[in-house]
Structure formats: C-alpha cells, structure tokens
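Trainee: I would like the atomic coordinates for the input below:
(one chain, ligands or ions: 1)
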Amino acid sequence: MSLKGKCVVLGVTGGIAAYKACALTSRLRKWGVETHVIMTRNATQFVTPLTFETLSNHPVVTDTFARPETWEVEHIALAKAADLFVIAPATANIIAKLACGIADDMLSTTALATKAPLLIAPAMNTGMWTAPATQQNVETLKARGVHFIGPEGGFLACGDEGAGRMSEPEAIADGIRELLEPVQDLAGLRVMVTAGATRERLDPVRFLSNDSSGKMGFALAEAARDRGAQVLLVKGCTTAPEPTGVETVNVTSTRDLYDAVTGRAGEMDVIIQAAAPADYRPETVAEQKIKKAGGEALVLRLVENPDVAAAVGRMKRPGQTLVGFAAETERLGEHAAEKLAKKRLDLIVANDVTRPGAGFNVDTNIVTLLTAEGEEALPMMTKREVAERILDRVLTLRAGQ
Ligand code: CTP
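Mentor: Numbering: from 1, shown residues only. Next comes the predicted model:
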C-alpha cells in the first residue's frame, strides 16, 4: 500500500477516548504509516506513553518530563516530518488553543508550527461540544481548512447522552487514508454545484428567502474538489463557511441563478443542483420601504420564477449527468419521482426536511437516492458523507451511460 513510509503525527489529549487512539495507532502501523505520538500531560493520566511507544514503535513525546527548551528542537522536527497531523481525541481545550494559536505545550506548539494538513477528532461532554465558544472555534478552524471527523452522538462516559463521542478508530483511520492518499476518481470532470438560498427583493430593506444554509452544496463542492474534479460553485445566500479551491460565482435571485447556471451548463459534465431557489418573487419591487397601512392587510402578489433545473434538463446534452434535490415535507417518494422525470434528472436526492437531523441548516442529512432504476434510502450521515455517496452514484451512472 502506498501509505507505507508516510508520516502521521498523532496528538493525544486528555479524555477517556484516549484508549481508542491505541487502536488507531496500531491500525496505522499495520498500513506502514510512521506514527509519532505526542501526548499532553493530561492524556498520560488515561493511557501510559509506554502503550503508544509499543504500538507505534517510536518514542512518545510528552510534556511530563520535557523542559520547555527541548520543545524548540523536537517540535520543529516533528512539525516538518508530518505528512498529516491528527489530534484524536481532541478536547475542547486543544480546539480552543488551536483556534487562537496558543502554543503552551509540546502538542499545541508542534501543531502551530506544522504546515501539514490537520485532522481533528473531537471528544468531549455534549455540553462542552455544543457550547458557543467551542462551536465558534470549530468554525474558525474549518474556515482555515482544518478537517474534522465526528463527534458522534450516543452515550458518553460522563453519563450524558448527545454529540461528543469520538468517532471509531476505523472511521478515523479511513479519514487519514483519504487525506494521505486522496481518491482522484473525478479527475478530468467538470462539475457545477449550486448551493444556498436565493433572495427575492420586496423593497429596499426586505426580501423573501428560505432556510438553506448552503452546507449540503458546499459539502458536495468540497468532496468533488478533493476527488479531483474541476468545480464551479454557483452560490446564493449562505451562512456556512465557504469552500476554498473552487471557482465561485455569487448570485442573489433565482433569475440570477438561472442566468449563471444556464450560461455555463454547456461546459459541464456533471451538474448538481443543491440550491434552494425561491419559486416566487414579488411582482413589483417597491422603490421605497413599504409602510404600514394602518391595520389593513398587506397583499403581496407573487409571480413564478423560472425553474433552473428544468431548464438545464431541457438543455441536457449526451454525456451529461444531472442531479437535483427534492426538499419535501410529505409524500417524499412520490414527489421526488415526479421531479426526477419532469426535470430530466439522472438522480434526485430526496429529503424529508421535517425529520430531525435532515434538511436545512444542520450538519447531517437523511436522504433517499432516486434514479430511474430504483431508490436507496441512506441512514443519517454527515453532509460530507452524503456528498461522497452522491458522487459515488454519479460515477456509477456515468459508467452505465
Ligand atoms: N429548482 C430549480 N429552480 C427552481 C426551483 C427548484 O432549479 N425555481 C431545483 C432545486 O435546486 C432542486 C430541485 O429543483 O434541485 C427541486 O427543488 P424543490 O424546491 O424540491 O422543488 P420545486 O421544483 O421547487 O417544487 P415544489 O416547490 O413545488 O416542491
């Protein structure tokens, strides 16, 4: 396996999940990955350095006996050697330190110095994970390109239930493999992804829109980029951190989206429409702010916007793969199948947006993939995982085209 000889620096911080980092270390060693473990002082309370030393076959760096002067040499050496830097388990504390650039121990010092990509597997009490400070730190790190895996939901060691459990070592190992040896199965393909909500102006200070955050479209753009595609992202109004390394076109209204998408559709091999365009717009846009009418009801007249996906379907050329989404609140399968046919899509990703863990503004989704051949219901997974499954399916469809 070509992972042989790759260097992973594994930071282990203080949490009960530190024991799972042992299984991770041994799996990496089996793959021939050179694994150098750095433990924080607290981590050594949960697992001994000797355990990691034995499993990794390398000396373990800890703060327990090291004097600060020795950090200078060691942290630079490890920071330079790393092909990938992994922190598993990562406490709220190390996440906060990384977000702020604090370097006050061997692990945080090395992590700050490295140029290697960083993968973080958080593990903590659910209250700490959902705390605004932690969430903001995570967003900051994600915006800098740091990769996250987990945490998962379930029973936590502290007796609470909720998100905070570290991902299983197998899942983290797979994440490591993907980062060290990215699959480039979309290389050579031009992929357009639409994301986010559109806005329809009502007056100078108001608009009509919807709850789409752009997360699903962004996950698709990032996954396609990482798999080697040349990505064009057409984005409406979004609240999630934006992907880097893709060409981006910003749009506001559904008509802008229509122009941007139909203008470039001809160049694309794959078009994935995850945007939530407003179906209607006010017939007229008031030039001045609309004033209250003294108790009278305000009647808005809305006119229908163009259907972008349907237009792309009409323009479809041989060899193109078209993917749409269907956000439904009832009769999911039936409505999605209608849209699949009407918009001439090859695949429709249907989700019941009323289910917890699905739809707008959350990091997970529960979707059903529908093609002319049949449907596959996927369990709840992160939007990134959903994106990977959609792209897998696109490749299968293209192989059969
Ligand atoms: N879509 C589009 N243009 C629109 C509305 C929707 O391109 N004006 C696309 C979406 O990006 C999505 C698919 O069509 O890929 C289905 O969107 P959805 O809102 O579920 O369906 P609609 O066609 O708008 O139908 P309805 O709102 O009646 O359910």
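Trainee: longest helix of the chain?
Mentor: Taking DSSP state H as the criterion, the chain has its longest helix at helix 383-399.
Trainee: list the contacts of the helix or strand containing T194.
Mentor: Following DSSP states H and E, one finds T194 within strand 190-195. The set of residues external to strand 190-195 that reach it, using CB atoms under 8 Å, 6 or more residues apart in numbering, is 212, 214, 216-218, 220-221, 224, 229-236, 238, 257, 261, 264-265, 267-275, 308. C-beta: built from backbone N, CA, C; applies to glycine.
Trainee: give me the subset of these touching the ligand.
Mentor: For the ligand, the contacts drawn from the contacts of strand 190-195 by CB under 6 Å from any ligand atom are Q273, A275, V308.
Trainee: relative to A377, which of those residues is nearest.
Mentor: Of all these, the one with the least separation from A377 (CB to CB) is Q273, at 21.0 Å.
Trainee: how many other residues sit next to that closest one?
Mentor: Using other CB atoms under 10 Å, Q273 has 26 other residues around it.
Trainee: wait, what's in contact with N365?
Mentor: M216, N351, G357, A358, G359, M380, M381, T382, K383, V386.
Trainee: tell me if stretch 322-342 is near the ligand.
Mentor: Yes - using CB under 6 Å from any ligand atom, a contact is recorded between stretch 322-342 and the ligand, made by G324, F325, A326, A327, K339.
Trainee: give me the three-state assignment for L119.
Mentor: Here L119 is recorded as strand under DSSP: H, G, I helix; E, B strand; the rest coil.
Trainee: which bits of the chain sit near the ligand?
Mentor: 254, 273, 275, 277, 279, 305, 307-309, 324-327, 339.
Trainee: looking at those, which are in helices?
Mentor: T254, V308, A309, K339.
Trainee: adding neighbour count, pLDDT and distance to N57, write those out as JSON lines.
Mentor: Shown next, in JSON lines, are those (neighbours: other CB atoms under 10 Å; pLDDT from 0 to 100; distance: CB to CB, whole Å):
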{"residue": "T254", "neighbour count": "25", "pLDDT": "98", "distance to N57": "59"}
{"residue": "V308", "neighbour count": "26", "pLDDT": "98", "distance to N57": "56"}
{"residue": "A309", "neighbour count": "23", "pLDDT": "98", "distance to N57": "54"}
{"residue": "K339", "neighbour count": "19", "pLDDT": "96", "distance to N57": "55"}
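Trainee: and the residues you listed, which two are the farthest apart?
Mentor: T254 and K339 (16.3 Å).
Trainee: what is the neighbour count of the residue nearest to C100 when sequence neighbours are not counted?
Mentor: Once flanking residues are discounted, C100 sits nearest to N137: 7.9 Å by CB to CB, 6 or more residues apart in numbering. By other CB under 10 Å, 19 other residues sit near N137.
Trainee: before we move on, which element is N137 in?
Mentor: Going by DSSP H and E, N137 is part of helix 132-143.
Trainee: equivalent analysis for V231, please.
Mentor: strand 230-235.
Trainee: need the residues that contact the helix or strand following that strand.
Mentor: Using DSSP H and E, the helix or strand that directly follows strand 230-235 along the chain is strand 247-250. Strand 247-250 is contacted from outside by Q230, V231, L232, L233, V234, K235, G236, E242, A260, R264, using CB under 8 Å, 6+ apart.
Trainee: next one: G228 from V191, what distance?
Mentor: Going from G228 to V191 by CB to CB, to the nearest Å gives 10 Å.
Trainee: between the two, which has more neighbouring residues?
Mentor: Higher neighbour count among G228 and V191: V191, with 26 against 15, using other CB under 10 Å.
Trainee: tell me the bridge partners for that one.
Mentor: On the basis of DSSP bridges, V191 is bridged to V231, V270.
Trainee: show me what counts as buried in stretch 347-355.
Mentor: For stretch 347-355, burial by neighbour count (16 or more other CB atoms under 10 Å) applies to L347, I348, V349, A350, N351, D352, V353.
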